[in-house]
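> A structural model of the following input is requested.
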Amino acid sequence: MSKIFNVAIIGVGIGRSHIVEGYLPNGDKFKVVALCDLNQERMGTVADEFGIERRVTDFDDVLAMDDIDIIDVCTPPMLHHPMVMAALKAGKHVICEKPLVGSLAQVDEVMAQEKISKGKLMPVFQYRFGDGIEQAKAIIDAGLAGKAYTGTVETFWRRDADYYAVPWRGKWATELGGVLMGHAIHPHDLFTYLMGDISQVFGRVATRVNPIEVEDTISASLVMKSGALASLTATLGAADDTTRIRLAFENVTFESDHAAYNPGEKLWKIQPRNDETKAKIDALLANWKHVPSRFQTQMERFHAALIGAAPLPVTSTDSRRSLELVTAFYHSSATGEDVVLPLGPGHSLYESWVPAQFRTA
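Sure thing, here's the model as predicted:
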C-alpha cells in the first residue's frame, strides 16, 4: 500500500475544488484532515460536507500540527509568499495555487528556501493535465512536430461587476495583478509548456472593461528562444469564456479545445502536414492511456514525486517562468520597449511590478 499523506487546506474557496477533483479521486494517496479559513461559516459547510473535523482560523495552528504532511495554500494571492515560506521552514510539503508569489524577488526567495527545506513545493497549474494537452506534448517531445514556427493564445473570458464584489479582487495590493495573474496565467503556462522559453516580449496592458485598479485587457508579441514568433491576447470583456491555443510547427499544427477552464481534457485538433508525420503520430498515440484532467492527475503525480517515483509535475521554475512573463508585460507596457529575458535582480521590476502607490508597507 502506498503512503497516505495528511493534508491541511488553507482557504476553502478553490480549496473545495482541490478536495473534489484532486484528493477524493486519490483517496488512497491523500487524506484531508484539517481546514483553515477566516470565514468560519464557509469553512464549516465544507468541513461538514467532507467530514473534516479539524477547523481552525489561525495558520500558525496548522504549522504546529505534527501530523500534517502537506499544506495546500488556496488563499488570495497576497498571502501566498508568507504562507509558502512559513510552511517550507516548518518542514512541510507545500502545494500553492497560482500565482505562486507576487514578484521575481519573492519566487527566488522561495526557490532558495526550497533547496534547504525538507518538504517539496508544487505550484498549481492544473490545466496542464488531460488527454488533449498531453497528446500534443507527447508529439512535440517525441520530435515529430519539428521546428516551431508560430503560435497564438487567446484568453477571452467574461468578468462582470459581481466577480469584483469579492473584496480582494481587482486590487493591486491583494490580487497582485489582473487578467495576467488570475486568468491568462493558465493558457500562457500551457503555451510555454509546449513551445519552450521566451526570448523577447513586447506587451501592452489596459483596463477597459471594469472600473478596477488592475488590467483586464492585454496583448503581446513574442520571440521564442527557438526563433518562433507568437502573440498573446486576453480580455475579461468577452461575451462568454473561451480559451484558444493554436501552434504551428514544421510538421504539424495543433489547436486546443476551446474550453476555458479545462482546455486539456478533450482531444485537440492535430493536423499533420504530410502522410509520413501522420503515420508516426498515429503510431505514437495508438495505445494511448487516458489521462484524467486538472487536479486529479496533478495530485496523483505529486504523490509519485513525494514517494520518489517521479519528478514533480509542476515546479517553482515553471512558476518563475510564468512570473517573468508577467514582469516583462508590465515593464514593456510602461516603457514601450522590448524586454529581453531572462530577468534577474538588476531589473527595475524585480522586487515588485505593483505600482508604488498601491504597495503595502
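> enumerate every residue touching residue 218.
179, 180, 184, 203, 204, 205, 206, 232, 233, 234, 235, 329 (CB atoms under 8 Å, 6 or more residues apart in numbering). For glycine as for every other residue, the C-beta is placed from the backbone atoms N, C-alpha and C.
> so how do I select the buried members of the residues you listed in ChimeraX?
The ChimeraX command for the buried members of those (criterion: 16 or more other CB atoms under 10 Å) is given here:
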select :179,180,184,203,205,232,233,234,235,329
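> can you tell me which of the contacts of residue 218 lies nearest to residue 279?
residue 232 (33.3 Å; CB to CB).
> which one of the contacts of residue 218 is nearest to residue 316?
Distances from residue 316 to the contacts of residue 218, taken by CB to CB, are shortest for residue 180, at 18.9 Å.
> just checking, the closest one touches residue 327?
No. Counting by CB atoms under 8 Å, residue 180 sits too far from residue 327 to count as a contact (9.8 Å).
> show the average pLDDT along stretch 132-142.
The pLDDT scores in stretch 132-142 average 98.
> go on, stretch 227-243?
Stretch 227-243 comes out at a mean pLDDT of 98.
> just the buried residues of it, please?
228, 229, 230, 232, 233, 234, 235, 236, 238, 241, 243.
> sticking with the last one, tell me its helix or strand.
Looking back up the chat, that one is residue 243. For residue 243, the host element (DSSP states H and E) is strand 237-249.
> what does the next helix or strand after that strand contact?
Sequence-wise, the next helix or strand downstream of strand 237-249 (DSSP H and E) is strand 252-255. Contact with strand 252-255 is made by 136, 139, 144-146, 194, 244-247, 268-273, 277, 281, as judged by CB under 8 Å, 6+ apart.
> swap in 7 Å and give it another go.
136, 139, 144-145, 246-247, 268-273, 277 (CB atoms under 7 Å, 6 or more residues apart in numbering).
> which of those fall within strands?
Members of these lying in strands (criterion: DSSP state E): 246, 247, 269, 270, 271, 272.
> isn't residue 342 up against residue 324?
Yes. Under the criterion of CB atoms under 7 Å, residue 342 makes contact with residue 324 at 6.3 Å.
> more neighbours: the two, which one.
residue 324 (22 against 13; other CB atoms under 10 Å).
> assign residue 215 to helix, strand or coil.
Three-state assignment for residue 215 (DSSP: H, G, I helix; E, B strand; the rest coil): coil.
> let's see which of the contacts of residue 218 end up in strands.
Per DSSP E, the contacts of residue 218 map to strands at 203, 204, 205, 206, 232, 233, 234, 235.
> distance to residue 28 for the residues you listed - can I get that in JSON lines?
As requested, the ones in strands among the contacts of residue 218 are arranged in JSON lines below (distance: CB to CB, whole Å):
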{"residue": "203", "distance to residue 28": "44"}
{"residue": "204", "distance to residue 28": "48"}
{"residue": "205", "distance to residue 28": "45"}
{"residue": "206", "distance to residue 28": "48"}
{"residue": "232", "distance to residue 28": "39"}
{"residue": "233", "distance to residue 28": "42"}
{"residue": "234", "distance to residue 28": "38"}
{"residue": "235", "distance to residue 28": "42"}
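> I'd like the average pLDDT over stretch 345-361.
91.
> what's the helix or strand for residue 71?
strand 70-73.
> name the helices or strands packed onto the very next helix or strand once past that strand?
As assigned by DSSP H and E, the chain's next helix or strand after strand 70-73 is helix 80-89. The contact analysis (3 or more CB pairs under 7 Å, 6 or more residues apart in numbering; DSSP states H and E) places helix 80-89 against helix 59-63, strand 70-73, strand 93-96, helix 104-116.
> most packed of those?
strand 70-73 (a mean of 27; mean count of other CB atoms under 10 Å).
> what's it packed up against?
Contacts defined by 3+ CB pairs under 7 Å, 6+ apart place strand 70-73 against strand 5-10, helix 80-89, strand 93-96.
> can you do 10 Å?
Contacts defined by 3 or more CB pairs under 10 Å, 6 or more residues apart in numbering; DSSP states H and E place strand 70-73 against strand 5-10, helix 13-17, strand 30-36, helix 59-63, helix 80-89, strand 93-96, strand 121-123, helix 295-306.
> re the thing from before, can you redo the helices and strands packed on helix 80-89 as TSV with distance to residue 188?
Output for these, formatted as TSV (distance: least, CB to CB, whole Å):
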stretch	distance to residue 188
helix 59-63	30
strand 70-73	21
strand 93-96	18
helix 104-116	16
